[in-house]
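# Here's my sequence, what's the structure:
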Amino acid sequence: MYVAVKGGERAIRNAHQRLAERRRGDPATAELELNQIREQLGLAVDRVMSEGSLYAPELAALALKQARGDSVEAAFLLRVYRNTLPRFGYSEPLETARMAVERRISGAFKDLPGGQLLGATADYTHRLLDFSLAEARALDSQLVAPADEAPKGGTSDGGTSNGGPDGSAGPAAPTAASSETAAGAAVPRALDLLGDETLIETPPDADDGPVPDITREPPLFPAGRAQRLQTLARGDEGFLVGLAYSSQRGYGNTHPFVGELRQGRVSVEFTPEELGFAVEIGEVELSEMETINQFQGDAEQPPRFTRGYGLAFGRAERKALAMALLDRALRAEELGEEKSSPAQDEEFVLEHADNILSTGFLEHLKLPHHVDFQSERELLRALRKAWDERRRQAREAAE
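Numbering: from 1, shown residues only. Model (predicted):
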(Lines give C-alpha, C1' and ligand atoms only; values in the text may rest on other atoms or scores of the structure.)
Protein backbone atom coordinates (compact mmCIF):
# COMPACT_ATOMS: atom_id res chain seq x y z
CA MET A 1 0.00 0.00 0.00
CA TYR A 2 1.20 3.50 -0.68
CA VAL A 3 0.20 6.86 0.82
CA ALA A 4 -0.32 9.70 -1.62
CA VAL A 5 -0.95 12.63 0.70
CA LYS A 6 0.46 13.90 3.98
CA GLY A 7 -1.46 12.55 6.91
CA GLY A 8 -2.55 9.47 5.02
CA GLU A 9 -1.19 7.05 7.63
CA ARG A 10 -3.31 8.63 10.35
CA ALA A 11 -6.36 8.49 8.11
CA ILE A 12 -5.72 4.78 7.46
CA ARG A 13 -5.41 4.08 11.21
CA ASN A 14 -8.69 5.87 11.79
CA ALA A 15 -10.29 3.87 8.99
CA HIS A 16 -9.14 0.65 10.67
CA GLN A 17 -10.59 1.83 13.96
CA ARG A 18 -13.89 2.64 12.29
CA LEU A 19 -13.87 -0.80 10.65
CA ALA A 20 -13.42 -2.44 14.06
CA GLU A 21 -16.38 -0.47 15.40
CA ARG A 22 -18.56 -1.48 12.46
CA ARG A 23 -17.50 -5.11 12.88
CA ARG A 24 -18.50 -5.09 16.55
CA GLY A 25 -21.80 -3.33 15.95
CA ASP A 26 -23.96 -2.10 18.79
CA PRO A 27 -22.09 -2.82 22.06
CA ALA A 28 -25.46 -3.48 23.69
CA THR A 29 -25.83 -6.58 21.50
CA ALA A 30 -24.03 -9.72 22.63
CA GLU A 31 -20.89 -10.40 20.60
CA LEU A 32 -21.08 -13.27 18.13
CA GLU A 33 -19.00 -16.25 19.23
CA LEU A 34 -17.05 -18.53 16.91
CA ASN A 35 -18.94 -21.65 17.97
CA GLN A 36 -22.21 -19.93 17.03
CA ILE A 37 -20.89 -19.14 13.56
CA ARG A 38 -19.55 -22.65 13.09
CA GLU A 39 -22.68 -24.44 14.31
CA GLN A 40 -25.42 -22.16 12.99
CA LEU A 41 -23.84 -20.70 9.85
CA GLY A 42 -22.29 -23.96 8.75
CA LEU A 43 -22.86 -23.51 5.02
CA ALA A 44 -21.05 -20.16 5.08
CA VAL A 45 -18.17 -21.79 6.95
CA ASP A 46 -18.02 -24.62 4.40
CA ARG A 47 -17.94 -22.16 1.51
CA VAL A 48 -15.06 -20.20 3.06
CA MET A 49 -13.09 -23.41 3.61
CA SER A 50 -13.65 -24.52 0.03
CA GLU A 51 -12.70 -21.21 -1.59
CA GLY A 52 -9.95 -20.57 0.96
CA SER A 53 -8.54 -24.03 0.19
CA LEU A 54 -8.07 -24.97 3.85
CA TYR A 55 -10.18 -27.40 5.87
CA ALA A 56 -10.30 -25.61 9.23
CA PRO A 57 -13.85 -24.89 10.50
CA GLU A 58 -12.74 -22.83 13.52
CA LEU A 59 -10.45 -20.64 11.43
CA ALA A 60 -13.11 -20.25 8.74
CA ALA A 61 -15.56 -19.10 11.42
CA LEU A 62 -12.96 -16.61 12.68
CA ALA A 63 -12.39 -15.35 9.14
CA LEU A 64 -16.14 -14.84 8.65
CA LYS A 65 -16.34 -12.87 11.87
CA GLN A 66 -13.36 -10.71 10.94
CA ALA A 67 -14.77 -10.14 7.44
CA ARG A 68 -18.22 -9.21 8.80
CA GLY A 69 -19.81 -12.06 6.84
CA ASP A 70 -18.12 -11.28 3.52
CA SER A 71 -17.38 -14.80 2.25
CA VAL A 72 -14.86 -13.66 -0.38
CA GLU A 73 -12.89 -11.58 2.12
CA ALA A 74 -13.04 -14.45 4.61
CA ALA A 75 -11.70 -16.89 2.00
CA PHE A 76 -8.93 -14.39 1.26
CA LEU A 77 -7.97 -14.24 4.94
CA LEU A 78 -8.00 -18.03 5.23
CA ARG A 79 -5.90 -18.52 2.12
CA VAL A 80 -3.31 -15.99 3.29
CA TYR A 81 -3.06 -17.86 6.60
CA ARG A 82 -2.76 -21.14 4.71
CA ASN A 83 0.30 -19.82 2.91
CA THR A 84 2.10 -19.39 6.25
CA LEU A 85 1.71 -23.04 7.26
CA PRO A 86 4.50 -25.61 6.88
CA ARG A 87 3.84 -28.39 4.38
CA PHE A 88 4.69 -31.94 5.43
CA GLY A 89 3.50 -33.76 2.34
CA TYR A 90 0.39 -35.01 0.59
CA SER A 91 -2.31 -37.31 1.91
CA GLU A 92 -3.29 -40.55 0.28
CA PRO A 93 -6.19 -40.31 -2.23
CA LEU A 94 -9.49 -40.11 -0.37
CA GLU A 95 -11.70 -43.19 -0.55
CA THR A 96 -15.08 -41.54 -1.03
CA ALA A 97 -16.59 -44.97 -1.69
CA ARG A 98 -16.11 -45.55 2.06
CA MET A 99 -17.68 -42.24 3.07
CA ALA A 100 -19.78 -42.21 6.24
CA VAL A 101 -22.77 -40.96 4.28
CA GLU A 102 -25.17 -38.46 5.81
CA ARG A 103 -26.98 -37.61 2.58
CA ARG A 104 -27.14 -39.63 -0.64
CA ILE A 105 -29.58 -39.12 -3.47
CA SER A 106 -29.93 -39.80 -7.17
CA GLY A 107 -32.13 -37.95 -9.62
CA ALA A 108 -31.63 -40.68 -12.21
CA PHE A 109 -32.26 -43.92 -10.30
CA LYS A 110 -35.42 -44.50 -8.32
CA ASP A 111 -34.32 -47.81 -6.84
CA LEU A 112 -30.83 -46.81 -5.77
CA PRO A 113 -28.77 -49.70 -4.32
CA GLY A 114 -28.42 -48.97 -0.64
CA GLY A 115 -31.40 -46.63 -0.66
CA GLN A 116 -31.84 -42.89 -0.92
CA LEU A 117 -30.84 -40.90 2.15
CA LEU A 118 -32.39 -37.45 2.14
CA GLY A 119 -30.40 -36.07 5.06
CA ALA A 120 -30.73 -32.39 5.94
CA THR A 121 -32.06 -30.62 2.86
CA ALA A 122 -34.36 -27.79 1.89
CA ASP A 123 -35.07 -29.36 -1.51
CA TYR A 124 -38.64 -30.26 -0.56
CA THR A 125 -39.56 -27.16 1.45
CA HIS A 126 -41.34 -23.96 0.52
CA ARG A 127 -39.00 -20.97 0.41
CA LEU A 128 -40.94 -18.91 2.93
CA LEU A 129 -39.58 -16.89 5.83
CA ASP A 130 -39.98 -18.73 9.13
CA PHE A 131 -40.69 -15.95 11.60
CA SER A 132 -40.59 -18.36 14.51
CA LEU A 133 -36.81 -18.41 14.14
CA ALA A 134 -36.78 -14.81 15.31
CA GLU A 135 -37.85 -16.02 18.74
CA ALA A 136 -35.26 -17.34 21.15
CA ARG A 137 -35.29 -21.13 21.56
CA ALA A 138 -38.12 -21.36 19.02
CA LEU A 139 -36.35 -24.10 17.08
CA ASP A 140 -35.99 -26.46 20.03
CA SER A 141 -39.59 -27.60 19.74
CA GLN A 142 -39.12 -28.39 16.02
CA LEU A 143 -36.17 -30.73 16.41
CA VAL A 144 -38.29 -33.79 17.23
CA ALA A 145 -41.40 -34.39 15.12
CA PRO A 146 -44.04 -37.03 15.85
CA ALA A 147 -43.36 -40.30 14.03
CA ASP A 148 -46.69 -40.20 12.19
CA GLU A 149 -45.74 -36.85 10.64
CA ALA A 150 -42.60 -38.15 8.96
CA PRO A 151 -42.69 -37.34 5.23
CA LYS A 152 -42.68 -40.10 2.66
CA GLY A 153 -39.26 -41.17 1.44
CA GLY A 154 -37.48 -40.30 4.69
CA THR A 155 -37.95 -39.54 8.36
CA SER A 156 -38.13 -36.06 9.77
CA ASP A 157 -34.59 -36.56 11.03
CA GLY A 158 -33.23 -37.37 7.60
CA GLY A 159 -33.95 -41.08 7.20
CA THR A 160 -33.63 -43.26 4.14
CA SER A 161 -35.88 -44.77 1.55
CA ASN A 162 -35.27 -47.44 -1.05
CA GLY A 163 -37.69 -45.60 -3.29
CA GLY A 164 -37.18 -42.23 -4.97
CA PRO A 165 -37.08 -38.87 -3.25
CA ASP A 166 -40.86 -38.72 -3.58
CA GLY A 167 -41.05 -41.69 -1.23
CA SER A 168 -42.75 -44.06 -3.65
CA ALA A 169 -42.11 -47.81 -3.75
CA GLY A 170 -39.94 -47.84 -0.64
CA PRO A 171 -40.07 -49.75 2.64
CA ALA A 172 -40.59 -48.06 5.97
CA ALA A 173 -37.96 -45.48 6.77
CA PRO A 174 -35.38 -46.42 9.41
CA THR A 175 -35.06 -44.74 12.74
CA ALA A 176 -32.72 -41.86 13.47
CA ALA A 177 -30.10 -44.26 14.72
CA SER A 178 -29.67 -45.67 11.21
CA SER A 179 -29.92 -42.42 9.28
CA GLU A 180 -26.20 -42.43 8.48
CA THR A 181 -23.99 -45.14 7.07
CA ALA A 182 -21.14 -46.48 9.16
CA ALA A 183 -17.67 -45.13 8.50
CA GLY A 184 -15.58 -47.52 6.44
CA ALA A 185 -18.58 -49.38 5.04
CA ALA A 186 -18.47 -49.27 1.26
CA VAL A 187 -21.53 -47.66 -0.31
CA PRO A 188 -22.17 -48.84 -3.89
CA ARG A 189 -21.84 -46.17 -6.55
CA ALA A 190 -24.99 -45.45 -8.52
CA LEU A 191 -23.19 -45.06 -11.82
CA ASP A 192 -21.90 -48.63 -11.53
CA LEU A 193 -25.40 -49.68 -12.64
CA LEU A 194 -24.72 -48.12 -16.03
CA GLY A 195 -21.15 -49.36 -16.05
CA ASP A 196 -22.34 -52.93 -15.70
CA GLU A 197 -24.28 -52.46 -18.94
CA THR A 198 -21.42 -50.52 -20.58
CA LEU A 199 -23.88 -47.64 -21.10
CA ILE A 200 -21.53 -45.06 -19.63
CA GLU A 201 -17.90 -44.24 -20.26
CA THR A 202 -15.33 -45.49 -17.80
CA PRO A 203 -13.98 -42.74 -15.52
CA PRO A 204 -11.59 -40.57 -17.55
CA ASP A 205 -7.99 -41.68 -17.09
CA ALA A 206 -5.85 -39.61 -14.76
CA ASP A 207 -2.93 -37.75 -16.26
CA ASP A 208 0.35 -39.67 -16.25
CA GLY A 209 2.76 -38.92 -13.43
CA PRO A 210 2.15 -37.33 -10.03
CA VAL A 211 -0.92 -35.19 -9.45
CA PRO A 212 0.03 -31.54 -10.06
CA ASP A 213 -0.38 -29.00 -7.26
CA ILE A 214 -1.77 -25.73 -8.61
CA THR A 215 -0.85 -23.92 -5.38
CA ARG A 216 2.82 -24.39 -6.30
CA GLU A 217 2.73 -24.57 -10.08
CA PRO A 218 -0.04 -22.51 -11.72
CA PRO A 219 -1.73 -24.44 -14.54
CA LEU A 220 -0.63 -23.83 -18.10
CA PHE A 221 -2.95 -24.20 -21.05
CA PRO A 222 -4.07 -26.66 -22.18
CA ALA A 223 -4.47 -27.81 -18.58
CA GLY A 224 -4.90 -31.37 -17.41
CA ARG A 225 -8.16 -32.51 -15.87
CA ALA A 226 -6.59 -32.70 -12.40
CA GLN A 227 -5.59 -29.03 -12.67
CA ARG A 228 -9.04 -28.09 -13.92
CA LEU A 229 -10.78 -29.83 -11.04
CA GLN A 230 -8.43 -28.27 -8.47
CA THR A 231 -9.10 -24.82 -9.87
CA LEU A 232 -12.85 -25.37 -9.92
CA ALA A 233 -12.79 -26.68 -6.33
CA ARG A 234 -11.18 -23.39 -5.19
CA GLY A 235 -13.35 -21.27 -7.48
CA ASP A 236 -16.07 -18.81 -6.59
CA GLU A 237 -19.36 -20.62 -6.17
CA GLY A 238 -21.42 -17.86 -7.74
CA PHE A 239 -19.21 -17.69 -10.82
CA LEU A 240 -19.30 -21.46 -11.27
CA VAL A 241 -23.06 -21.62 -10.80
CA GLY A 242 -23.59 -18.86 -13.36
CA LEU A 243 -21.43 -20.62 -15.94
CA ALA A 244 -23.05 -23.97 -15.20
CA TYR A 245 -26.47 -22.38 -15.69
CA SER A 246 -25.36 -20.94 -19.02
CA SER A 247 -24.30 -24.42 -20.16
CA GLN A 248 -27.75 -25.76 -19.31
CA ARG A 249 -29.38 -23.05 -21.40
CA GLY A 250 -27.50 -24.01 -24.53
CA TYR A 251 -24.20 -22.17 -24.09
CA GLY A 252 -22.28 -25.39 -23.68
CA ASN A 253 -24.97 -28.02 -24.20
CA THR A 254 -24.65 -29.61 -20.76
CA HIS A 255 -27.96 -30.64 -19.20
CA PRO A 256 -27.24 -33.70 -17.05
CA PHE A 257 -28.98 -36.09 -14.72
CA VAL A 258 -27.73 -36.24 -11.15
CA GLY A 259 -26.34 -39.75 -11.07
CA GLU A 260 -25.38 -39.55 -7.43
CA LEU A 261 -24.84 -36.91 -4.77
CA ARG A 262 -23.30 -37.98 -1.52
CA GLN A 263 -22.35 -35.95 1.53
CA GLY A 264 -20.54 -37.21 4.58
CA ARG A 265 -17.25 -37.73 6.35
CA VAL A 266 -14.18 -39.35 4.82
CA SER A 267 -11.04 -40.49 6.59
CA VAL A 268 -7.77 -38.81 5.67
CA GLU A 269 -4.64 -40.95 5.62
CA PHE A 270 -1.01 -39.86 5.47
CA THR A 271 2.14 -41.93 4.96
CA PRO A 272 5.06 -40.62 7.07
CA GLU A 273 8.46 -41.34 5.60
CA GLU A 274 9.69 -42.87 8.85
CA LEU A 275 6.82 -45.39 8.94
CA GLY A 276 6.37 -46.28 5.30
CA PHE A 277 2.68 -47.06 5.69
CA ALA A 278 -0.49 -44.96 5.85
CA VAL A 279 -2.03 -43.85 9.15
CA GLU A 280 -5.34 -42.10 9.66
CA ILE A 281 -4.85 -38.50 10.77
CA GLY A 282 -8.44 -37.27 10.80
CA GLU A 283 -11.51 -36.89 8.67
CA VAL A 284 -13.11 -34.23 6.51
CA GLU A 285 -16.68 -33.58 5.47
CA LEU A 286 -17.21 -33.57 1.71
CA SER A 287 -19.86 -33.22 -0.98
CA GLU A 288 -19.32 -35.41 -4.04
CA MET A 289 -21.32 -35.21 -7.25
CA GLU A 290 -21.37 -37.49 -10.29
CA THR A 291 -23.53 -36.51 -13.24
CA ILE A 292 -24.77 -38.46 -16.23
CA ASN A 293 -24.42 -36.38 -19.36
CA GLN A 294 -25.26 -36.52 -23.05
CA PHE A 295 -24.35 -39.73 -24.79
CA GLN A 296 -21.62 -39.87 -27.38
CA GLY A 297 -20.69 -42.31 -30.10
CA ASP A 298 -18.83 -42.58 -33.38
CA ALA A 299 -17.55 -45.18 -35.83
CA GLU A 300 -15.08 -46.48 -33.25
CA GLN A 301 -17.03 -46.08 -30.01
CA PRO A 302 -20.60 -47.23 -29.27
CA PRO A 303 -23.14 -44.66 -28.02
CA ARG A 304 -22.83 -44.17 -24.27
CA PHE A 305 -23.36 -41.61 -21.54
CA THR A 306 -20.53 -39.33 -20.44
CA ARG A 307 -19.62 -38.18 -16.94
CA GLY A 308 -19.10 -35.02 -14.94
CA TYR A 309 -17.51 -34.85 -11.50
CA GLY A 310 -17.41 -32.39 -8.63
CA LEU A 311 -16.01 -32.48 -5.08
CA ALA A 312 -16.02 -29.74 -2.44
CA PHE A 313 -15.39 -29.28 1.27
CA GLY A 314 -18.37 -29.49 3.59
CA ARG A 315 -22.03 -29.36 2.64
CA ALA A 316 -21.56 -27.68 -0.70
CA GLU A 317 -23.74 -29.61 -3.13
CA ARG A 318 -24.53 -26.58 -5.30
CA LYS A 319 -20.80 -26.00 -5.74
CA ALA A 320 -20.18 -29.69 -6.45
CA LEU A 321 -23.00 -29.79 -9.00
CA ALA A 322 -21.71 -26.68 -10.80
CA MET A 323 -18.25 -28.25 -10.83
CA ALA A 324 -19.61 -31.42 -12.40
CA LEU A 325 -21.39 -29.49 -15.16
CA LEU A 326 -18.27 -27.47 -15.93
CA ASP A 327 -16.03 -30.52 -15.77
CA ARG A 328 -18.14 -32.05 -18.52
CA ALA A 329 -18.34 -28.82 -20.53
CA LEU A 330 -14.56 -28.40 -20.42
CA ARG A 331 -14.10 -31.87 -21.92
CA ALA A 332 -15.63 -30.69 -25.20
CA GLU A 333 -12.42 -30.93 -27.23
CA GLU A 334 -11.56 -34.32 -25.72
CA LEU A 335 -14.97 -35.65 -26.76
CA GLY A 336 -14.83 -34.15 -30.24
CA GLU A 337 -17.41 -31.43 -29.63
CA GLU A 338 -17.35 -27.93 -31.05
CA LYS A 339 -16.19 -25.31 -28.55
CA SER A 340 -18.62 -22.45 -28.99
CA SER A 341 -19.46 -21.18 -25.49
CA PRO A 342 -17.69 -19.56 -22.51
CA ALA A 343 -18.31 -22.61 -20.30
CA GLN A 344 -16.31 -24.72 -22.79
CA ASP A 345 -13.37 -22.29 -22.95
CA GLU A 346 -10.79 -23.67 -20.54
CA GLU A 347 -8.72 -20.50 -20.27
CA PHE A 348 -11.78 -18.28 -19.79
CA VAL A 349 -13.22 -20.49 -17.03
CA LEU A 350 -10.04 -21.26 -15.10
CA GLU A 351 -8.49 -17.79 -15.32
CA HIS A 352 -11.60 -16.12 -13.90
CA ALA A 353 -12.95 -18.71 -11.44
CA ASP A 354 -10.68 -17.76 -8.54
CA ASN A 355 -12.46 -15.07 -6.56
CA ILE A 356 -9.32 -14.15 -4.60
CA LEU A 357 -7.41 -13.23 -7.73
CA SER A 358 -10.49 -11.61 -9.25
CA THR A 359 -11.21 -9.55 -6.15
CA GLY A 360 -7.62 -8.37 -5.80
CA PHE A 361 -7.47 -7.19 -9.38
CA LEU A 362 -10.89 -5.56 -9.13
CA GLU A 363 -10.46 -3.83 -5.79
CA HIS A 364 -7.01 -2.42 -6.48
CA LEU A 365 -8.92 0.18 -8.51
CA LYS A 366 -10.05 1.71 -5.19
CA LEU A 367 -6.46 2.52 -4.22
CA PRO A 368 -4.95 5.88 -5.26
CA HIS A 369 -4.21 6.19 -8.97
CA HIS A 370 -3.71 9.94 -8.89
CA VAL A 371 -0.56 10.07 -10.98
CA ASP A 372 -1.92 7.72 -13.66
CA PHE A 373 -5.16 9.67 -13.90
CA GLN A 374 -3.35 13.02 -14.03
CA SER A 375 -1.20 11.85 -16.95
CA GLU A 376 -4.24 10.60 -18.87
CA ARG A 377 -6.10 13.85 -18.18
CA GLU A 378 -3.21 15.94 -19.51
CA LEU A 379 -3.05 13.72 -22.61
CA LEU A 380 -6.79 14.14 -23.14
CA ARG A 381 -6.49 17.92 -22.77
CA ALA A 382 -3.80 17.97 -25.48
CA LEU A 383 -5.90 15.78 -27.78
CA ARG A 384 -8.96 17.93 -27.17
CA LYS A 385 -6.99 21.11 -27.89
CA ALA A 386 -5.71 19.67 -31.17
CA TRP A 387 -9.24 18.53 -32.09
CA ASP A 388 -10.66 22.00 -31.40
CA GLU A 389 -7.91 23.56 -33.54
CA ARG A 390 -8.70 21.23 -36.47
CA ARG A 391 -12.40 22.05 -36.18
CA ARG A 392 -11.62 25.78 -36.16
CA GLN A 393 -9.43 25.47 -39.23
CA ALA A 394 -12.12 23.43 -41.04
CA ARG A 395 -14.73 26.12 -40.33
CA GLU A 396 -12.44 28.87 -41.57
CA ALA A 397 -11.70 26.91 -44.75
CA ALA A 398 -15.41 26.41 -45.35
CA GLU A 399 -16.09 30.14 -45.02
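
# where exactly do the strands run in this protein?
For the chain, the strands defined by DSSP state E cover 100-105, 116-117, 160-161, 257-270, 279-296, 304-313.

# Assess the claim that Tyr81 and Met49 are in contact.
No. With contact defined as C-beta atoms under 8 Å, Tyr81 does not reach Met49; the gap is 11.8 Å. Backbone N, C-alpha and C define where each C-beta goes, glycine included.

# Is it possible to get TSV of the strands of the chain that adds distance to Lys339 and mean pLDDT?
Output for the strands of the chain, formatted as TSV (distance: least, C-beta to C-beta, whole Å; pLDDT from 0 to 100):
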stretch	distance to Lys339	mean pLDDT
strand 100-105	32	95
strand 116-117	36	92
strand 160-161	41	44
strand 257-270	23	96
strand 279-296	15	93
strand 304-313	16	95
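
# Looking at those strands, spot the one closest to Leu240.
strand 304-313 (9.0 Å; C-beta to C-beta).

# Please compute how far the closest one lies from its chain's middle.
Counting by C-alpha atoms, centre = their mean, to the nearest Å, strand 304-313 is centred 14 Å from the centre of its parent chain.

# need the strands of the chain in JSON lines with mean neighbour count and distance to Glu39, can you?
Output for the strands of the chain, formatted as JSON lines (neighbours: other C-beta atoms under 10 Å; distance: least, C-beta to C-beta, whole Å):
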{"stretch": "strand 100-105", "mean neighbour count": "21", "distance to Glu39": "16"}
{"stretch": "strand 116-117", "mean neighbour count": "26", "distance to Glu39": "22"}
{"stretch": "strand 160-161", "mean neighbour count": "26", "distance to Glu39": "25"}
{"stretch": "strand 257-270", "mean neighbour count": "20", "distance to Glu39": "16"}
{"stretch": "strand 279-296", "mean neighbour count": "19", "distance to Glu39": "14"}
{"stretch": "strand 304-313", "mean neighbour count": "23", "distance to Glu39": "17"}
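
# Quick one: closest of those to Leu59.
Counting by C-beta to C-beta, Leu59 lies closest to strand 304-313 out of the strands of the chain; the figure is 12.6 Å.

# Any figure for the gap between Gly42 and Thr29?
Here Gly42 is placed at a distance of 22 Å from Thr29 (C-beta to C-beta, to the nearest Å).

# And the protein, what are its domain boundaries?
The record's domain parsing of the chain by automatic domain parsing lists 12-82, 96-122+133-358, 373-399.

# Between those, which has the poorest mean confidence score?
By mean pLDDT, the lowest-scoring of the domains of the chain turns out to be domain 96-122+133-358, with a mean of 83.
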